[in-house]
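# Sequence plus the predicted model coming up.
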Amino acid sequence: MKKIKVYSSQFNYQYGTSIHFPYSVASLFSYVNSFPELKKIFQYETTFIFRNKLEEYVERIKDPDILICSCYVWNWEITNELAKRVKEKYPDCMVIFGGPNVPLRYKGTVPLGWKENTTGNFFDDYPYVDMLVHQEGEYTVKQVFEEFLKDKNYAKINGLETKSYKTSPQTRIKSLDEIPSAYLNNMVLDLVEPVEGVDYIAAWETNRGCPFSCTFCDWGSATKTSVRRWGMDRLFDEIEWFADNKIPYVDVCDANFGIFTDRDMELAKKLKSEKMEKGFPGRIRPAWAKISSDKIIPIAKELLDADLLRAVTLAVQSLDPNTLNIIKRKNIKFDQFSGLVQKFRKEKIENYTEIIMGMPGETLETYKHGMEQLMELFPRPVVYVYNCGVFTNAPMNDPHYVKKYDIQSIRSPIYLWHSSVNNRGEYQEWEDIVVGSNSFTLDELKQMYLYGWVTQAFHSMGILEYISKFYNQAYDLKYMTFYESFVEFSQTHKDSLFHKEYKTLVDYMDKGYSGGGWDHHDPNLASILWPIEEASWLRCVTDSSTLESNITEFISFFEKKHKLNTSTDMLTDLINFQVFLLMTMDVKDEIKTYKSKYDWQDFLVNGVDNISRLKEYNGTYFYENKIQEEDKEKWCFQAAWVGRSQGNYKCHPEFLYKNLDELVENKNFLLEELRKEENKKTPSSGV
């Protein structure tokens, strides 16, 4: 019998030298191949993943029977271009779309603003697509392939849609172990071509589903909420596969890693064991349980002990109760969150939190208040702020929800931070982002963005963190009051380094919120797209003396504005101490030293709330410089990309040494060697 030729695509972007395996496609084909009568007749060609090779891929396709495309927000346009060209050349080829970006419904304004002059019918707007597969695809694709060999009567198969009909939802896969591992059978390797200088990132599911229903997220709707688990034997074998195949990065696709505490601890121990024995996998990035608790601390410590983990996410998205209610998000109470942060701090586990700006219910004041609360959690967590995206199948895209909260959105070129500026291909991808609601205007959203930038670049990443803390302790000045003054200074002092960054930000925001996209490439930093806050930080820490003089100018302005009269000698020492704590490009010493006049460590770490209790010190502080990279691009990677979540961009005062011999004695040589090895690598995907 003639072989049925199946082509496939799962286009992605490169991150440094790394790109994801086509795991979703491989999982589908692995399941189909578990049926011997199908395995012998379907022939799977190489999956198309590199965006810059579209022309080559189109030429490579010969007499296709089926083209199956895995669709995400980051590959929708290029996938459509591929499908269109294949259909023009081979009209009889059956084109199937599946994945998170395939709309569960397509009519009226759903999805929001997808296509101008829409007909309201997907297959009229996209005539080269024959079939949509909704939600989990393994059962449906297998049944489609079976029917392809028979009468092609697909109407009896659940979970799909054609121009003529839409069938009932497919039965949920209850036992995930029915699906053979695309790693253990090497399907992922069979579907990719070896490319010199390219590493492959492994997407890894230990469970599937999400019990939460946050309206900004399509995770729960995509997996029908109930959480199902793979067997431990299979997962242990996959971990060994990652190690044996020297996988540098494992992207854990669970919605809530750590939710099954005992089970996930066993996985962490196995990952640690393989890493310690074989040196791989290099790193993993889990999406931690939404309602985090101290139960995940032992899991995180296992991973950190083997240098598998950079940091733990303690995501909150918003700290406003009304907003959380509207988006159906449950956070732990802030006092519990604060206590959890302190526990992580005590265990020396780096952690970061995530905020989404532009969600319905949020106001400028509640947003700034939330930032103030996070700043009070000295000296952690690291803060990441994101635009509010409207995903195709998320509840926030429901027309009734949109109308109720007057959600306004724009079509924007997709923003994929840290992705390479090279090999992107010519097809622009798009995403929908919120620009207004009944609780805020676009101008207010821009103010949120401004203060999010300030919080991240100048407080969380440390440029002014301990100076703001000094004023908070010594004068009971709110952090936000301090940074409002900083914004005013940056707006008005046009010769300042900070004014240049402020102007860059304003132009960046105006472009972004007018639909021009969020790409920020500074060729003086690296050949990647930087988050604007990281780029601002990198430019500010290029030269220590320049930064010190600019901070001094701002503090002079601040003291006059607030009618303060702090000792000039004290402020000079504080400013120098603050810059000393930062990793800066011009200082490559293995051990950084600062001879201080005051005991800032005692004052800041112990939260002394009276300036008269600031002790004179007249001694030297020491710490190990975490980044001594001579190559500027690598320095930027290690400080801001890799180092941001790990805390490599600064030293916290609590970790300073007052005795050089003690520092030398306490150096951890194992971690030092691991760090040297890590510095040789190019960063992979992820925070």
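It's in.

# distance of the closest residue to T167 other than its chain neighbours from L28?
When the adjacent residues along the chain are set aside, T167 lies closest to N158, with 5.1 Å between them (CB to CB, 6 or more residues apart in numbering). C-beta here means a position set from N, CA and C on the backbone, and glycine is covered the same way. Summarising the geometry, the distance separating N158 from L28, computed by CB to CB, to the nearest Å, is 16 Å.

# T171 now?
Distance of T171 to L28, computed by CB to CB: 16 Å.

# out of these two, which sits in the busier spot?
L28 (29 against 11; other CB atoms under 10 Å).

# Distance from the chain centre to stretch 336-345, please.
What separates the centre of stretch 336-345 from the centre of its chain is 22 Å, taken as CA atoms, centre = their mean, to the nearest Å.

# I meant to write stretch 79-86 there.
Between the centre of stretch 79-86 and the centre of its host chain there is 29 Å, according to CA atoms, centre = their mean.

# now stretch 123-139
Stretch 123-139 sits 28 Å away from the centroid of its parent chain (CA atoms, centre = their mean).

# now the end-to-end length of that stretch.
The stretch stretch 123-139 measures 23 Å between its terminal residues, going by CA to CA, to the nearest Å.

# And it, what's buried?
Along stretch 123-139, the positions that meet the burial threshold by neighbour count (16 or more other CB atoms under 10 Å) are 123, 126, 128-139.

# Tell me which of those residues fall in helices.
Judged by DSSP state H, the subset of the buried residues of stretch 123-139 located in helices is F123, E138, Y139.

# so is S596 in a helix, a strand, or just coil?
Per DSSP: H, G, I helix; E, B strand; the rest coil, the secondary structure class of S596 is strand.

# One more: L67?
Secondary structure, three-state DSSP: L67 is strand.

# thinking again about what came up before, between the ones in helices among the buried residues of stretch 123-139, which sits nearest N397?
Distance to N397, by CB to CB, is smallest for F123 among those, at 20.0 Å.

# Tally up the residues packed near the residue nearest to that closest one when sequence neighbours are not counted, please.
Counting by CB to CB, 6+ apart, the nearest residue to F123 once its immediate chain neighbours are dropped is K163, at 3.7 Å. K163 is flanked by 14 other residues according to other CB under 10 Å.

# My guess is T162 contacts V129. True?
No - taking contact to mean CB atoms under 8 Å, the distance of 9.2 Å between T162 and V129 leaves them out of contact.

# any common contacting residues for these two?
Residues within reach of T162 and of V129 at once, by CB atoms under 8 Å, 6 or more residues apart in numbering, are F123.

# The nearest residue to A457 once chain neighbours are set aside and Y128: what is the separation?
Counting by CB to CB, 6+ apart, the nearest residue to A457 once its immediate chain neighbours are dropped is E533, at 4.0 Å. With distances defined as CB to CB, the gap from E533 to Y128 amounts to 41 Å.

# Please apply the same query to K632.
Separation of K632 from Y128 (CB to CB) stands at 46 Å.

# again, but for F470
As it turns out, when the distance is counted by CB to CB, F470 lies 63 Å from Y128.

# For this structure, name the helix or strand with the lowest mean pLDDT.
When each helix and strand of the chain is scored by mean pLDDT, DSSP states H and E, helix 669-680 comes last, with a mean of 47.

# Relative to G619, which of the ones in helices among the buried residues of stretch 123-139 is nearest.
For these, the closest approach to G619 (CB to CB) belongs to E138, at 64.7 Å.

# I figured that closest one was touching F29, is that so?
No - with the criterion set as CB under 8 Å, E138 and F29 do not qualify as a contacting pair; they are 9.7 Å apart.

# now the buried residues of stretch 123-139 as JSON lines including distance to N331 and pLDDT?
Below are those laid out as JSON lines (distance: CB to CB, whole Å; pLDDT from 0 to 100):
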{"residue": "F123", "distance to N331": "41", "pLDDT": "95"}
{"residue": "Y126", "distance to N331": "39", "pLDDT": "95"}
{"residue": "Y128", "distance to N331": "44", "pLDDT": "97"}
{"residue": "V129", "distance to N331": "40", "pLDDT": "98"}
{"residue": "D130", "distance to N331": "44", "pLDDT": "98"}
{"residue": "M131", "distance to N331": "40", "pLDDT": "98"}
{"residue": "L132", "distance to N331": "35", "pLDDT": "98"}
{"residue": "V133", "distance to N331": "34", "pLDDT": "97"}
{"residue": "H134", "distance to N331": "31", "pLDDT": "96"}
{"residue": "Q135", "distance to N331": "28", "pLDDT": "92"}
{"residue": "E136", "distance to N331": "29", "pLDDT": "93"}
{"residue": "G137", "distance to N331": "33", "pLDDT": "95"}
{"residue": "E138", "distance to N331": "34", "pLDDT": "96"}
{"residue": "Y139", "distance to N331": "35", "pLDDT": "97"}
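
# wait, which of the residues you listed is closest to I96?
Ranking those by separation from I96, with CB to CB as the measure, puts M131 on top at 4.7 Å.

# Need the phi and psi values for K275.
Recorded main-chain torsions at K275 are phi -60, psi -40, according to degrees, to the nearest 10.

# What pLDDT does the model give it?
Confidence at K275, expressed as pLDDT, is 97.

# now the one 3 residues further on
Each residue has a pLDDT score; the one for K278 is 97.

# ok, now how distant is S9 from N75?
Summarising the geometry, the distance separating S9 from N75, computed by CB to CB, is 8 Å.

# ugh, wrong one, R60
18 Å.

# who's more crowded, the two?
N75 (26 against 12).

# Give me the distance between the more buried one and I410.
In this structure, N75 and I410 are 20 Å apart, going by CB to CB.

# How many residues are close by F622?
Other residues near F622 number 18, with proximity taken as other CB under 10 Å.

# Tell me who's in contact with it.
F622 makes contact with I591, K592, T593, L656, Y657, K658, N659, L660, L663 under the criterion CB under 8 Å, 6+ apart.

# how far does stretch 328-338 stretch from start to finish?
For stretch 328-338, the first and last residues are 22 Å from each other (CA to CA).

# just how off-centre is it within its chain?
Using CA atoms, centre = their mean, we find the averaged C-alpha position of stretch 328-338 to lie 21 Å away from the chain's own average C-alpha position.

# contact partners of that stretch?
Contacts with stretch 328-338, where a contact means CB under 8 Å, 6+ apart, come from 212-215, 290-293, 314, 316-319, 324, 340, 373, 376-377, 395.

# Name the SS class of the closest residue to V250 other than its chain neighbours, please.
Nearest-residue entry for V250: I284, 4.3 Å, with adjacent residues in sequence omitted and distances by CB to CB, 6+ apart. Secondary structure of I284, reduced to three states by three-state DSSP: strand.

# Wait, I284 touches A306, no?
No - using CB under 8 Å, I284 is not in contact with A306; the gap is 10.0 Å.

# Please identify which of these two sits among more neighbours.
Comparing I284 with A306 by neighbour count (other CB under 10 Å), the higher total belongs to I284, at 25 against 21.

# who touches the more buried one in this structure?
Counting by CB under 8 Å, 6+ apart, the residues that I284 touches are W204, Y249, V250, D251, V252, L271, L303, L308, L309.

# Mind checking which of those residues are in strands?
Using DSSP state E to define strands, the subset of the contacts of I284 located there is W204, Y249, V250, D251, V252.

# partners of the last one in the sheet?
V252 forms beta bridges with W204, as assigned by DSSP bridges.

# Do you have the strands of the stretch 501-650 of the chain handy? List them.
591-598, 616-624 (DSSP state E, counting those that start in this stretch).

# Of those strands, give the one that comes closest to D262.
With CB to CB, the closest approach to D262 among these belongs to strand 616-624: 36.2 Å.

# which stretches of the stretch 351-500 of the chain form helices?
Secondary structure of the stretch 351-500 of the chain, counting by DSSP state H, counting those that start in this stretch: helices at 364-375, 399-404, 442-454, 465-475, 479-492, 497-511.
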